[in-house]
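Student: Have a look at this prediction, sequence included:
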Amino acid sequence: MENPGSKLADIVINSSDALDNKELKSFYLDLSLAAMKFFDDYEIFLSDFVSIKKKIKNEPKKIELYLRNITKYDNHRGMLILLYRYKTLQNKLNNTSKKYLSDLPDNFNEEWNDFDKNYKDELVRVGTEVMDGYIEKIDGILEKKFTEDELNVDIFPAKTLRGVLFDPSEKLNPLEINEVYHVAYRELEILGNSIENYVGDEDSINYDLWHSLKAGIDALDFVKKNIIGQNFTEAISRWQQIPTIKIPKRVREKEALLFTFNQIVKSFAIGNNLAVITLCRSTFELVLFKYYGGETKSKPGNDPKLREMINFASENFEIDKPMCIEQCSQMNRIVHNLKGRQPSNERTLSNIKFIKYLIENIKAPLSHSFLSD
């Protein structure tokens, strides 16, 4: 059986061999590597970003000036590969099934946030224009050399590779789950929608298939009605709203943290907002205790009070004390609400994003002097 990876590599090589221009060939090969997710290293993204910032003297507006004033691909290459790395890592963040990425470089969140806030829009805007210029030239050559039947079969146009890189289609599509359900139900109706009007022989394979389909559909209906209380489209839509947490390497002994965060994800997906906020409240204390110095104030049989841990964290770590107090007060009011009102999705997501902020900003203390207290 032919290796799909080998087949893909052959198509890329054949496509690039059709390009006589060395710069276009180099661009095409880099774009194909990006489409195949070769540019997914966090450390290299950081080093490339720091290097680019030095070249443009930390001024995002100079990205356009830098790319417009040069014509050779060797000069464009560094900026374009930074764009490829960004799109690859962004897709990974959007599509991870765990809703967290762990063991990232300790300065990843700071640099990623700087890139996202200050450099991303300009790089994407200008970089894609430069990319499209190369792609138009390449595809013009390929369309002249190959027939329509050969394109996308034996030859990959550059625009196809661009589509793979920029299309976030890996995201779970809730419509696909509903489609599977409806296909199964249609098959069941063909065989007979009840055991009384089953239209086959009881000794046939179809009889076993009918029971399998019926058992599967009944199980899905039971889960929807009695466990998650909503259809799968709604549950997956809620799951997709949860932001992915980027956890630095410096966060050690994170098993308990990841366990509680997974419970937060699952509870929000099934619409149990009150459980989410209760879990966020307990996770808040866990993070302060384990990662913001609260454990150092603990005495046998007497753990520190929450307000004491907030004060201690704001004095010894980079943490937003007013936001911590406000978020904690809101969570307490909801958790102790005796009227049984369900918190809004907006409020619940706000608490999840607060936990995300705390975890992503876990840093070394500003000073180690408190360790001797």
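Tutor: Thanks, I have it.

Student: Just checking, which helix or strand succeeds the helix or strand bottoming out on mean pLDDT in the chain along the chain?
Tutor: Least confident helix or strand, the chain: helix 174-191 with a mean of 68, by mean pLDDT, DSSP states H and E. Next helix or strand after helix 174-191 toward the C-terminus (DSSP states H and E): helix 205-222.

Student: counting contacts, what elements does that following helix pack onto?
Tutor: helix 174-191 (3 or more C-beta pairs under 8 Å, 6 or more residues apart in numbering; DSSP states H and E). For every residue, glycine as well, the C-beta is placed using N, CA and C.

Student: With just CA atoms, put stretch 150-165 into CSV.
Tutor: C-alpha atoms of stretch 150-165 as CSV (Å, rounded to 0.1, in the frame of the first residue of the first chain):
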residue,chain,number,x,y,z
GLU,A,150,-3.7,17.2,-13.6
LEU,A,151,-4.1,20.2,-11.3
ASN,A,152,-5.0,19.2,-7.7
VAL,A,153,-4.3,15.5,-8.6
ASP,A,154,-0.7,15.2,-9.8
ILE,A,155,0.1,18.9,-9.2
PHE,A,156,-0.8,21.2,-6.3
PRO,A,157,-1.4,24.9,-7.3
ALA,A,158,0.0,27.2,-4.7
LYS,A,159,-3.4,28.6,-3.9
THR,A,160,-4.4,25.0,-2.7
LEU,A,161,-1.5,25.1,-0.2
ARG,A,162,-2.5,28.6,0.9
GLY,A,163,-6.0,27.3,1.6
VAL,A,164,-4.8,24.5,3.8
LEU,A,165,-2.7,26.9,5.8
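
Student: ok now the longest helix along the chain, how far from the chain's centre?
Tutor: Looking across the chain with DSSP state H, the single longest helix is helix 120-145. Mean-position distance between helix 120-145 and its chain equals 26 Å (C-alpha atoms, centre = their mean, to the nearest Å).

Student: Return the list of helices and strands in contact with that helix.
Tutor: If you count contacts as 3+ C-beta pairs under 8 Å, 6+ apart, helix 120-145 packs onto helix 22-35, helix 62-68, helix 73-95, helix 158-166.

Student: In the third one, which residues are buried?
Tutor: When you say that, I think you mean helix 73-95. For helix 73-95, the neighbour count (16 or more other C-beta atoms under 10 Å) marks 73, 76, 79-89, 91, 93 as buried.
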